[in-house]
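**Q** Coordinates only, no sequence provided:
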DNA sequence: CATGGATGCTTGAGGCAATCAAGCAACTCG
DNA sequence: CGAGTTGCTTGATTGCCTCAAGCATCCATG
């Protein structure tokens, strides 16, 4: 089924489609976050916390200045979704950990991304495998450089 | 090559991959915009201007409040990338039009999305067609609802 | 007409996000 | 010890974003 005789899309078309999809997905995420009382950036930070992460590490993950992370974590901590813990090995470092409430909140955000979920549901297993393989090649990781 | 016996990805994995790709693409866009002295939001607005668009239409396209558009257009207009024109049919309406410099600027932004371009270059024609077809089904438009 | 209700845009207030510059504490290596 | 580096925070400034209000214009109905 993959090889039907569709006209091959131009690179510009593909670019536009990828952009549109990225936007749609982001807005779905932002809306789900808002329903939990979070901004999209706060939710994104929370989504990184599978374990303790130092402030500096978060800045790297979010591709932003460290001073920016301070404010975001401040607001999350004020809501009890996150905790700063001292690092046992380096007293300069503060590790950020999600609280139980924080984990539960980000879990709900993921679950509520309805648009994205139902879009993915339209694909069967083989199509998902194909898509996964293609997307994986498109995602050069955080450090894809010439 | 698409049909190798990979284990079928879970929905969560696919979700994560789509999110990662969306993020990567957005940051590529933001970086390209920054090189032209634009914020990502300004570039995104400029990208919509294939013809005259009323302020209200821009708010709808960008999924934000109309008052927000006022400020963004103000800044773009101050740089000469955009112009407000009165609408001949309705004196309430102001149509936003990209100037020649604006068109040239957004063209450069698109051209400079190196990460995205080189990622797409790794796909051959058949893979691009397959990907396009799959992505098209994933993007049910702005109003995909249950 | 005329007038009441929509609609389109702007303004102002307030909060979050982002960057930069500066500063302090702690680590590291000589 | 001391110089340089690294991790985090603070303060200042700008942009984005929303909401509430306000003004001008359009439109529909009487």
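**A** Yes, it's here. On a predicted model such as this, the values are computed, not experimentally measured, just so you know. Numbering: from 1, shown residues only, chains lettered A, B, ... in the order given.
**Q** make it CA atoms for all contacts and neighbour counts henceforth
**A** Noted.
**Q** ok, which residues in chain A are in contact with DNA strand D?
**A** Where proximity means Cα under 7 Å from any atom of the strand, the interface of chain A facing DNA strand D comprises A:54-57, A:66-71, A:92-95.
**Q** repeat that with 6 Å
**A** If contacts are counted using Cα under 6 Å from any atom of the strand, the residues of chain A sitting beside DNA strand D are A:54-56, A:66-67, A:70, A:92-95.
**Q** May I see the PyMOL selection of the buried members of the residues you listed?
**A** Selection of buried members from those for PyMOL, criterion 16 or more other Cα atoms under 10 Å in any protein chain shown:
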select buried, chain A and resi 54+55+56+93+94+95
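**Q** following the helix ranked longest in chain A, which helix or strand shows up next?
**A** Ranked by number of residues, the top helix in chain A under DSSP state H is helix A:11-35. Using DSSP states H and E, the helix or strand that follows helix A:11-35 towards the C-terminus is helix A:40-47.
**Q** close to chain B, is that next one?
**A** No - legend: contact between helix A:40-47 and chain B by Cα under 8 Å from any Cα of the partner chain is lacking; minimum distance shown is 10.3 Å.
**Q** I would like the residues contacting the helix or strand following that helix, please.
**A** Proceeding N to C from helix A:40-47, the next assigned helix or strand is strand A:53-54, under DSSP H and E. Contacts to strand A:53-54, defined as Cα atoms under 8 Å, 6 or more residues apart in numbering or on different chains, come from residues A:93-97.
**Q** Check the offset of the top strand by length along chain A from the chain's centre.
**A** Selection of the longest strand in chain A by residue count, based on DSSP state E, yields strand A:90-98. Computed by Cα atoms, centre = their mean, to the nearest Å, the chain-centroid distance of strand A:90-98 equals 22 Å.
**Q** Now stretch A:102-112: buried residues?
**A** Quick answer for stretch A:102-112 (16+ other Cα under 10 Å): A:102-103, A:105-106, A:109-110, A:112.
**Q** Tell me the one of the contacts of strand A:53-54 nearest chain B?
**A** Comparing the contacts of strand A:53-54 against chain B with Cα to the nearest Cα picks out residue A:97 as the nearest, at 20.5 Å.
**Q** residues near the closest one, how many?
**A** As a burial measure, the neighbour count of residue A:97 was computed by other Cα atoms under 10 Å in any protein chain shown and equals 22.
**Q** Can you pull up the most central residue in chain A?
**A** The central residue of chain A, meaning the one whose C-alpha is nearest the mean C-alpha position (Cα atoms, centre = their mean), is residue A:44 at 5.2 Å.
**Q** to the chain's geometric centre, what's the distance from stretch A:116-132?
**A** Taking the mean of its C-alpha atoms, stretch A:116-132 sits 19 Å from the chain's own mean (Cα atoms, centre = their mean).
**Q** again with stretch A:98-110
**A** Here the centre of stretch A:98-110 is set off from its chain's centre by 14 Å, with Cα atoms, centre = their mean.
**Q** shaky segments in chain A?
**A** Counting by pLDDT under 70, chain A contains low-confidence ranges at A:1-6, A:140-146.
**Q** Show me what from it comes close to DNA strand C.
**A** Counting by Cα under 6 Å from any atom of the strand, chain A comes close to DNA strand C at A:39, A:41-42, A:64-65, A:67-68, A:72, A:90-92.
**Q** Thanks again, I'm all set now.
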